[in-house]
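>>> Provide a 3D model corresponding to the input given below.
(3 chains)
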Amino acid sequence: MQEPILVLAEHLRGAIADITYEMLGVGRKLADDLKAPLYSVVFGKDIVPVASHMGIADSVFVLDHPQLDMPSPDVVAALLKTLIEQKNVSLVLIGGTNVSTGIGPKLSFRLNLPFVNFCRNIWVKDGSVGLTSQLFGGKILSDVRLPGNRGVVSVYPGSFPPDAGKSDRKASIEMLDLRVEESKIIFNKYIEPEAGDIDITKQDILVSVGRGIANADNIAMVEELANVLGGAVCASRPVIDQGWLPLSRQVGKSGMTVKPKLYLSLGVSGAPEHVEGMKDSGLIISINTDSSAPIFGVSHYGICADLFDILPTLIEEIKTHKSG
Amino acid sequence: MIIEMDPVTINIFGVPGYVLFWVITLLAFGLFGKRIFDLVGLLLRARPENRFDHLGRRALYFVTYVFAQKRLFHEYVIGFAHLLIFWGFMLFAGTFAWNLLRWLFPFLPIPFADEIGLIRIFLLAFSVLVLVSIIVAAIRRAFFAPPHLQQTWDAVIILALISLVVLTTLFAIGFRAVAIGPTEAGLNPADSLLSSIFPSVPAPSARGSYLFMLWLHQLVVLGFLAYLPYSKHLHLLASPFSVLFGNVKQAGSLDVSGSNEESSTGASQWNEFTWRQLLNGFACAECGRCDRVCPALNSGYKLSPRMIVHHIKEHVLEAGLKSDHRKPSKGNGSRPLIGGIVSEAELWECTTCYACMERCPVLNEHIPLIVNMRRHLVGQGSVDSTLQDVLTKMSRYGNSLGQSERMRAKWAQGLNFEVKDARKEPVEFLWYVGDYASYDSRIQNITRTTAKIFQKAGLDFGILFEGERNSGNDVRRIGEEGLFEILKEKNLQAIEKAQFKKIVTTDPHTYNTLKNEYGLNGGSSDNERLPSDGNRVQVLHYTELLDQLIREGKLRFHRKLNYAVTYHDPCYLGRYNGVYDAPRRVLEAIGTRLVEMPRNRSSSYCCGAGGGRIWMSDPAPTEGRVETSSRRSRDGEDQPGVKERPAENRIREAVSLQGVQALVAACPKDIVMFQDALKTTGNEGKLTVKDISDLVYEAIE
Amino acid sequence: MDIVVFLKMVPDVVEELVIGEDGKSLDTQSLRMRLSDPDEHALEEAVILKEKFGGTVAVVAMEAPEVEEVLFTARAKGADRAVKLPGDWTGIQAPAIAKLFASLFSSGSQQLTAHTLILLGSQAIDDLEGEVAPYLAEILGAPYLGVVTGIRLDEEKKKAIVMKEFAGGLRGEFELPLPAVLGIQAAEKPPRYIPVAKVRSIMKSARIETVEISPPEIVSGLPVDRLFMPEVAGKAEMLEGSAAEVSARMIEILAERGLIGR
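As a prediction, this is how the structure comes out:
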């Protein structure tokens, strides 16, 4: 029998992040294939209610401590190390998110275990664990092995269905009593996103612009399209970094995760960081000049064309349709 | 009695006339000389620039633009009036100089100029013509002022002074004729005419009036002299020199004269410009001809070529005259030039279309001024983020679109024949395709069409594949001189490796730079690199090549395109390089009926893409557009004045023509700009935007 | 304040990536290297901090094609010292890189004091074994934070106040004692433009130091079985035709789903 698999549950402001369910789902499958127990651990302050949702794990460990409100990677790595050594864990899954950045490498360094980043798939073949990681912004995939099925894995968000990690089963919770070391890093406060702008997560229709928009002036035309559709404009990171749209309009990693009924993407190539934030939209239609753009991989409908060729006609046709 | 008529031998307030005149003359010349000394001092402290070559051509320019005033005749009424005032002024200046000698040295055995009958006739004739011209000028100023004509008291003063000079002359001649009497010798038709106007004045008082007029005339002229260099009418003194030291070389070269290190850092204060660049301001009469043709200004942008020149003059006088000769002029409390007197935004608004320079009557050079200041901004890293992105892409990948070098010839994959690699086999024509024609999905089709035409004409041509890089035309005009040098260096290396006889280009911007800035055809660049056989390389635009192929009978057409088109002269093909007829001959050969737009040939109106503008953000025009609530303007400063983009203005001009089906262009950037503008002005369906290659291919098929 | 920026070159994805004959690594023939994007931001942030709070900036990079130009550009941007670590570092991964970078301090070439701030780019596109910053922090025993988008320095208290991104525009403010290691996601301002002439003149006047460092025993601890291209997911149904045809079809699709009213 294989040694246990551990999922580090991620949560932000009292809510479990989707990535946790993604990891629990794939972790469950791995554990079943390897005939190993699946553990989950939650560190935080006033966090017990969160833990109860993780019944899919065989055991859920909880450490509730006032100093764990927003623990630094150092503190988490130290606690994980103790837990792993106590429970003899072989494989650790950590979210590849901004919140958990750095925990994995630190843990791998302290335990002298290999660390695998950008993991998009995990499977078991002939008793060994294999992983697929994406490299170079998703342009190349890489299959790697974990010697002795031991290691720390950072799971790329959006790689696994979160639903597979949800269960009605009541979690068997074990409260931990570990010493929380004093952190050198002090968490001061949250800084809220710019207020006063449209909340793109609440829109039914989003028109998204990417690098292909070329120029800030062209945003006016996109806004016109969003207006006639009754939606709002959002964008991928390059557009936001140029200052052409406010930060609150960013979709993807570091930005918002959106699930509108219609996501119309214009000149968005579909880097994994962006796809992560929009792939669950109801209907995705994409216009891009590059027929091999990854965005077409997640779209329901695609148009390989210059967006400036389509847009004016589309706007007119929609106007005619609405008035007709 | 002529001797009694001498104005300087009489006593005035008990002082001999000539003594008084000496005092006044010294005073006037003192003021005049002091100012000229200071101004020339400024020019000498500016950066050096060699404008003493090509003396023959300079003399020819002087005759054409000073004596004949050719550039003024774009606006012919005021142009003719100005020519008369100019020649009248020359005559009056000549007689004044002559008389000055006689006034100062009464013992000289020479008559006064107006004592010579023939001169009197000329004086009379020009006085009348100048008066009429001044009335024309005054009426224009008051009632028909063209846009961008600077209305100043200076102008009123000068017109009044010239009128006084002329009127005193007229009156003096008249009173003289009356005083001498009709019977005296030395009278001529002028005298008779004038004396008949003053019949009732008795001789003695006529004599007094005559002397008074002479004195008044001299005082006005001397006052004029002292006032002139302190006013905008420094123009009178400086403009002959601005013409004489104008750019007599190729318009299309922005070669920096003087030391490269110095010049590529650009200019942010007066003494970082060259002396000729400072002379611009002195020579400018603020007539506004440049403003009237500027596509940026007429679109509602802040840039005004006239004000750029004027602001630099203001700055020179403010900072330069105050500064100590031995100390650098920074920190003497005057406003900074860039950011203070001239805003960064307006410097970036120039499309370098050359319309202002083409029109300037005194051959002022606006674009080098702007580029010089842009160089400074680039040196400071003050570059618009989109532009910065493009420059970075250009230095890394050699193209503005940031695509892989290896993909440069990908467009050719859609052809059913192989395009030769000029680096591997000899060809007759080396085709410089250019960035947009190579990479832009909207243009690639046209590029393939051009290739097919070349193929059908049996042309032996090849391309450089990934060896080709952006020529650097726009990069240089953005002010990134160092990057231009690198691009040029790399292109020249690739060109040296290829075997070919002539170069043909798609993009007029590339054409201009290869032709004028690479030193390939013995142009003005000091870096002369010639192909291995030592011959100079001819650079052709593809419209020139098409014209040649048609005339040689190599391109035959299967049908005539019997419809009407209009043609847009690209700035860098037309104004910069004078290629107006070749594309028109091609259009004629394929049977289209060419309907000219009102602004054609050298008056062509820029599409707004040049000088790097194509990559800068163009604020959306305010009229009839959707509000952009979420848009953040970069510096929080919107441009409410922008009426329409230059390309939109041009589209409207083309659409207004009767029965025209296509707007034909011969530049990839034009195609991009006009196709966009066709959509934004809602004129799709009324007109199509076509490349000349599209039409030629249509006639071949 | 002594700011040390560790820079890393990564394959340029604008160029086509080709998998080598062994099937486990990239074909180096067609590979072009460029400075990792977040590293460019780390450098920018360092120069901004120097301008605001004074001090010096040292940039350090492993030898790689085109790295000298990157180092000279960094000097032109305002770095006071540029160090190259010579050697063949093909295939080296974060744990080994961190050891390499850490030995710069143990070799005495660079001081590690309560005035030292170490900046790296947060996550590079080839960081298969994770980003370098946390490993380096482990070796140096210094506090670390990643995905940083803003830094203020409090020199008296010898600490840095940093902003870290979470998600959805939410950020957090943290305080770290110095010396500290930070993974920079984005500088306060986009990286500045340096004119070519400036880089060229720096190339003439400045020099790049080389510090010999003995290579770590292993460059990577993770066995790679194979590299492969992702399948071009042909999931989307492609709409073809003229702008008008495509628009009409799109409106049809939207109308079917009730996403467009009349």
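>>> quick one: low-confidence residue ranges for the chain.
With no chain named, the answer covers chain A. A:1, A:195-196 (pLDDT under 70).
>>> can you look at chain C instead?
Checking chain C against pLDDT under 70 turns up C:232-234, C:261-262.
>>> tell me where it has helices.
For chain C, helices defined by DSSP state H occupy the ranges C:37-53, C:67-77, C:94-106, C:132-140, C:196-205, C:243-256.
>>> out of those, deepest packed?
helix C:132-140 (a mean of 26; mean count of other CB atoms under 10 Å in any protein chain shown). C-betas here are computed from N, CA, C, even on glycine.
>>> is that one positioned near chain A?
Yes. Applying CB under 8 Å from any CB of the partner chain, one finds helix C:132-140 touching chain A at C:133-135, C:137-139.
>>> run the chain-centre distance for that helix.
In this view, helix C:132-140 has its centroid 15 Å away from the chain centroid, taken as CA atoms, centre = their mean, to the nearest Å.
>>> does anything pack onto that helix? Which helices or strands?
Applying 3 or more CB pairs under 8 Å, 6 or more residues apart in numbering or on different chains; DSSP states H and E, one finds that helix C:132-140 contacts helix A:103-111, helix C:94-106, strand C:116-121, strand C:144-154, strand C:180-184.
>>> distance to chain B added to those, as a markdown table?
Below are the helices and strands packed on helix C:132-140 laid out as a markdown table (distance: least, CB to the nearest CB, whole Å):
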| stretch | distance to chain B |
| --- | --- |
| helix A:103-111 | 31 |
| helix C:94-106 | 24 |
| strand C:116-121 | 17 |
| strand C:144-154 | 17 |
| strand C:180-184 | 19 |
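>>> redo those as CSV? Include distance to residue B:679.
Formatted as CSV, the helices and strands packed on helix C:132-140 follow (distance: least, CB to CB, whole Å):
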stretch, distance to residue B:679
helix A:103-111, 50
helix C:94-106, 49
strand C:116-121, 41
strand C:144-154, 38
strand C:180-184, 41
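>>> between the residues of helix C:132-140 next to chain A, which sits nearest residue B:515?
residue C:133 (52.0 Å; CB to CB).
>>> next up, the contacts around the nearest residue to that closest one once chain neighbours are set aside.
Closest residue to residue C:133 apart from its sequence neighbours, by CB to CB, 6 or more residues apart in numbering or on different chains: residue C:183 at 4.0 Å. For residue C:183, the contact set (CB atoms under 8 Å, 6 or more residues apart in numbering or on different chains) comprises A:101-102, C:38, C:120-123, C:131, C:133-134, C:144-148.
>>> need phi/psi at residue A:131.
phi -130, psi 150 (degrees, to the nearest 10).
>>> these two touch, right, it and residue A:119?
Yes. The pair residue A:131 / residue A:119 is scored as a contact, 5.2 Å apart, by CB atoms under 8 Å.
>>> can you list residues touching both of those two?
residue A:153.
>>> check which helix or strand covers the nearest residue to residue A:110 once chain neighbours are set aside.
Counting by CB to CB, 6+ apart, the nearest residue to residue A:110 once its immediate chain neighbours are dropped is residue A:81, at 5.1 Å. For residue A:81, the host element (DSSP states H and E) is helix A:73-87.
>>> quick one, what contacts residue B:46?
By CB under 8 Å, 6+ apart, the neighbours of residue B:46 are B:270-271, B:273-275, B:277-278.
>>> grab the nearest non-local neighbour of the closest residue to chain C within the stretch 1-150 of chain B.
Nearest residue of the stretch 1-150 of chain B to chain C: residue B:47, at 16.5 Å (CB to the nearest CB). Using CB to CB, 6+ apart and skipping the chain neighbours, the partner closest in space to residue B:47 is residue B:274 (4.5 Å).
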